[in-house]
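Asker: This is a predicted model, with the sequence first.
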Amino acid sequence: MKSIIYFLKQIYRYSGKIVYINLFAMAGIGLLDSAAILLLVPLISMSGIVDMGAVRIPILSIFDFMADIPAAAGLPIILAIFIMIAVGQNIVKRQLNVKNNRLQQGFLRYMRVETYKLLLYSNWQVFIRNRKSDFINILTSEIARSSVGVYSVLQFISSIVFTFIQIGLAFILSPVITTFVLLCGSVLILFNRKFLKRSLTLGNRNYELSKEYISGITDHMNGIKDIKSNTLEKSRLDWFGLITKEMENEQVEYIKLKSTSQLYYKMASAILIAVFIYFAIMMFHAQAAQLLLIIIIFSRLWPGVAGIQSSMEQIAATIPSFRAVITLQDECRNAKEFNTDESLKNTSIKMKKAIQCDQIYFRYNENADCALTNINLVIPPNKMTAFVGRSGAGKSTLIDLLLGLNQPENGKILIDGVSLSYDNISAWRKSISYVPQEPFLFNTSIRENLEIVKTNVTEEELWEALEFSSAIDFVKKLPDGLDTIIGDRGIKLSGGERQRLVLARAILRKPSILVLDEATSALDTANESKIQAALERLKGKMTIIVIAHRLSTIRNADQVVVLEEGKIIQQGGFIELSKEKKSMFSHLLSNQIEAMR
Ligand SMILES: Nc1ncnc2c1ncn2[C@@H]1O[C@H](COP(=O)(O)OP(=O)(O)OP(=O)(O)O)[C@@H](O)[C@H]1O
């Protein structure tokens, strides 16, 4: 129930007054329907079946004026009014349907944008804690399912309004019979609660299966090269067959549940109508006109009540999706990374004195060992600082802290003496360009991939950035040059070409700090020397921080920082460190020389 109320609040937040207008239209449809039923009284009267005078129901006195109209004119008048009401009612219904659909679609978009925005502005911990495929599942399937639930909520309200008006009319016509029928109806609703519980359980299963399905196929597609080269097709196909079978079973079970509950309603409605006609005639001595009207009302009411049940089952089945979206939104709200108002100001920090790490400690979680211990470091501006160390030494962790992606558990990162915080992280990041180890490129042209970081860029600037990053030669050789489409994640380029292209993109932003997580496997010696040449060209123009896997790349670094088990164990110039015998740096160096032989 809490989830439904939450989503109703969200609809209200999104649509405002439209919800009230829709409610008004729903009430209008109900009233017009009642008017059409009441019109049957003069109709019946004219047919001579029932004497209108004998019906002593206050509401029916509105038709008294009909007594003065000759029968020949009365019938066409009533039929004309009947047509007008039916047409009017259907026009309002159509409008309402369109409005509700627009509301649902608008709400779907609003929820998507809101969730995506919250996700994008969340801190790095959210991305470490959750699986990417869960985000994809929520942003695709679960929000869509929630919006279907929202439509069901609107249908539910519409059916409730309609039902109340009809019950009100039936009550005016005969309070005793209506109370009797309502009592019978309540028993049925109580009995059908078990269908709601079952719908909720199936909704949960559907959510879990959908999560598993998306995460499975994401893994498969990411690892398709492994799957094909290691002939893992059969085992993957077995998994796929199994999960899709479970999804099929769940859907079939849900439809079975829905049709069973509808069947109960229909059978009960037939029995109830028969029973209440019997009692109405035998015990309550209902007037023929009264009886006829009540039969008509109830025979129209039951499908409405069955509709309420169906909407409730639909809502129950989508509650797990609602919950998943709410939970993610809440998690993101609590993990807002920086002051978004501050981030809208297009300022960046120009570091003049130093980046300083002051007694930094960091753990990935409470139970983990320290990934960084007592890091004290000064990174001077416009110089090249290189981080080296064995795999798992803490190089990437330190970079993530410098980028403000993670925050130290103890200690501070100071930029020109000012602590990195919620208020200045955004401005700090605007001054940094980061080139990850696995560069990300979009499936579009080289030009668009570069322009993504800077609009209104000139052709000259593009080529200049390509030249700086040693990418100019290979781009020039491509048949379509800058307009070459590079495939999914840049699959049509080599690893080294991809990295140089991302480096060009990073340079195009004209950052004051360039952070480069140098690729290992992606680079051959030729590519490596190209990257080295690029770094040489950039030296002195910006602060460069490199995670170096190949030590030859950083021969000209101003400062080399050697990490081991999360601690800084050596620090100094390249030549100076290489002279320190039996040290980690000379060990790493000799390992690489050995490997090159
Ligand atoms: N997301 C994470 N959750 C928990 N522990 C992590 C996470 N990422 C890294 N670690 C741990 O933190 C330590 C430092 O890892 P880090 O990735 O910083 O090393 P690295 O020096 O960059 O290694 P590599 O050269 O292999 O990239 C390792 O023990 C690693 O297992």
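Answerer: The structure has been received and is ready for your questions. Numbering: from 1, shown residues only.
Asker: make it CA atoms for all contacts and neighbour counts henceforth
Answerer: Noted.
Asker: Need the pLDDT of Thr260.
Answerer: If you check Thr260, the pLDDT there is 90.
Asker: secondary structure class for it?
Answerer: Under the three-state scheme (DSSP: H, G, I helix; E, B strand; the rest coil), Thr260 adopts helix.
Asker: what's the answer for Trp302, then?
Answerer: Three-state assignment for Trp302 (three-state DSSP): helix.
Asker: so which helix or strand takes in the closest residue to it other than its chain neighbours?
Answerer: What sits nearest to Trp302 in space, not counting adjacent residues and going by C-alpha to C-alpha, 6 or more residues apart in numbering, is Ser269, at 6.4 Å. Following DSSP states H and E, one finds Ser269 within helix 233-282.
Asker: for Arg13, same thing?
Answerer: Counting by DSSP H and E, Arg13 is part of helix 2-15.
Asker: what do you get for Val561?
Answerer: Assessed by DSSP H and E, Val561 sits inside strand 559-564.
Asker: so the helix or strand just after that strand versus strand 559-564, what angle?
Answerer: Note on strand 559-564: by DSSP H and E, the next helix or strand toward the C-terminus is strand 567-572. Between strand 567-572 and strand 559-564, the angle comes out at 150 degrees (axes from the mean of the first three to the mean of the last three C-alpha atoms, to 10 degrees).
Asker: elements contacting the helix or strand harbouring Ile296?
Answerer: Using DSSP H and E, Ile296 sits in helix 288-334. On a contact count with 3 or more C-alpha pairs under 8 Å, 6 or more residues apart in numbering; DSSP states H and E, helix 288-334 meets helix 2-15, helix 18-38, helix 40-47, helix 71-120, helix 143-173, helix 193-222, helix 233-282.
Asker: how does it look with 7 Å?
Answerer: On a contact count with 3 or more C-alpha pairs under 7 Å, 6 or more residues apart in numbering; DSSP states H and E, helix 288-334 meets helix 2-15, helix 71-120, helix 143-173, helix 193-222, helix 233-282.
Asker: so which of these is the most packed in?
Answerer: Among the helices and strands packed on helix 288-334, helix 143-173 has the highest mean neighbour count (mean count of other C-alpha atoms under 10 Å), at a mean of 21.
Asker: what about the stretch 151-300 of the chain, any weak spots by pLDDT?
Answerer: For the stretch 151-300 of the chain, residues meeting the criterion pLDDT under 70 lie at 283-290, 293.
Asker: Point me to the residue of it nearest the ligand.
Answerer: Of all residues in the stretch 151-300 of the chain, the one sitting closest to the ligand is Asp219 (17.7 Å; C-alpha to the nearest ligand atom).
Asker: Can you tell me how far that residue is from Arg131?
Answerer: In this view, Asp219 and Arg131 are 11 Å apart by C-alpha to C-alpha, to the nearest Å.
Asker: what sits up against stretch 416-429?
Answerer: The contact list for stretch 416-429, computed with C-alpha atoms under 7 Å, 6 or more residues apart in numbering, reads 337-339, 342-343, 347-349, 351-355, 403-404, 412-414.
Asker: Now Asn484. Its backbone dihedrals?
Answerer: Rather than Asn, residue 484 is Thr. phi -70, psi 130 (degrees, to the nearest 10).
Asker: what sits against it?
Answerer: For Thr484, the contacting residues are 445-446, 478, by C-alpha under 7 Å, 6+ apart.
Asker: Now the buried members of those.
Answerer: Burial by neighbour count, 16 or more other C-alpha atoms under 10 Å: within these this picks out 445-446.
Asker: Now intersect the contacts of stretch 416-429 with the strands, please.
Answerer: 355, 412-414 (DSSP state E).
Asker: who wins for neighbours among those residues?
Answerer: For the ones in strands among the contacts of stretch 416-429, the largest neighbour count, defined by other C-alpha atoms under 10 Å, is 24 neighbours, found at Ile413.
Asker: ok, now how distant is it from Val515?
Answerer: With distances taken as C-alpha to C-alpha, Ile413 is found 16 Å from Val515.
Asker: possible to save the ones in strands among the contacts of stretch 416-429 as a markdown table with distance to the ligand?
Answerer: Listed next are the ones in strands among the contacts of stretch 416-429 as a markdown table, based on distance: C-alpha to the nearest ligand atom, whole Å:
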| residue | distance to the ligand |
| --- | --- |
| Ile355 | 19 |
| Lys412 | 18 |
| Ile413 | 17 |
| Leu414 | 20 |
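Asker: Those residues: which two are farthest apart?
Answerer: Ile355 and Lys412 (10.5 Å; C-alpha to C-alpha).
Asker: Ramachandran angles for Met542?
Answerer: Dihedral angles for Met542 - degrees, to the nearest 10 - are phi -150, psi 170.
Asker: Next up, the contacts around Asn410.
Answerer: Asn410 sits next to 360-362 when contact means C-alpha under 7 Å, 6+ apart.
Asker: give me the residue from the stretch 1-150 of the chain nearest the ligand.
Answerer: Taking C-alpha to the nearest ligand atom, the stretch 1-150 of the chain has Ile128 as its residue nearest the ligand, at 5.5 Å.
Asker: Burial check on that residue, number of neighbours?
Answerer: By the criterion of other C-alpha under 10 Å, Ile128 has 10 neighbours.
Asker: what's the helix or strand for it?
Answerer: Assigned by DSSP H and E, Ile128 falls in helix 124-129.
Asker: pull the CA atoms of that helix into CSV?
Answerer: Provided in CSV are the C-alpha atoms of helix 124-129 (Å, rounded to 0.1, in the frame of the first residue of the first chain):
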residue,chain,number,x,y,z
TRP,A,124,31.0,6.0,-6.8
GLN,A,125,30.0,3.7,-3.9
VAL,A,126,26.6,3.1,-5.5
PHE,A,127,28.3,1.8,-8.6
ILE,A,128,30.7,-0.4,-6.5
ARG,A,129,27.8,-1.8,-4.4
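Asker: tell me the mean pLDDT for that helix?
Answerer: Across helix 124-129, pLDDT averages out at 90.
Asker: residues of that helix that come out buried?
Answerer: By neighbour count on 16+ other C-alpha under 10 Å, the buried set for helix 124-129 is 124-126.
Asker: My reading is that Asn456 lies in a helix. Confirm?
Answerer: No - per three-state DSSP, Asn456 lies outside any helix segment and is coil.
Asker: Show me the residue at the heart of this protein, geometrically.
Answerer: Nearest to the geometric centre of the chain sits Leu139, at 2.6 Å (C-alpha atoms, centre = their mean).
Asker: Now Ala465. Nearest residue, chain neighbours left out?
Answerer: Computed as C-alpha to C-alpha, 6+ apart, the closest residue to Ala465 that is not its neighbour in sequence is Ala504, at 4.9 Å.
Asker: Contact partners for that neighbour?
Answerer: The contact partners of Ala504, taken as C-alpha under 7 Å, 6+ apart, are 465-466, 468-469.
Asker: tell me which parts of the protein are close to the ligand?
Answerer: 128, 364, 371, 391-397 (C-alpha under 6 Å from any ligand atom).
Asker: how about a markdown table for the residues you listed, with distance to Ser259 and secondary structure added?
Answerer: Conversion of those to a markdown table gives the following (distance: C-alpha to C-alpha, whole Å; DSSP: H, G, I helix; E, B strand; the rest coil):
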| residue | distance to Ser259 | secondary structure |
| --- | --- | --- |
| Ile128 | 43 | helix |
| Tyr364 | 50 | coil |
| Ala371 | 57 | strand |
| Ser391 | 59 | coil |
| Gly392 | 57 | coil |
| Ala393 | 60 | coil |
| Gly394 | 58 | coil |
| Lys395 | 59 | helix |
| Ser396 | 56 | helix |
| Thr397 | 55 | helix |
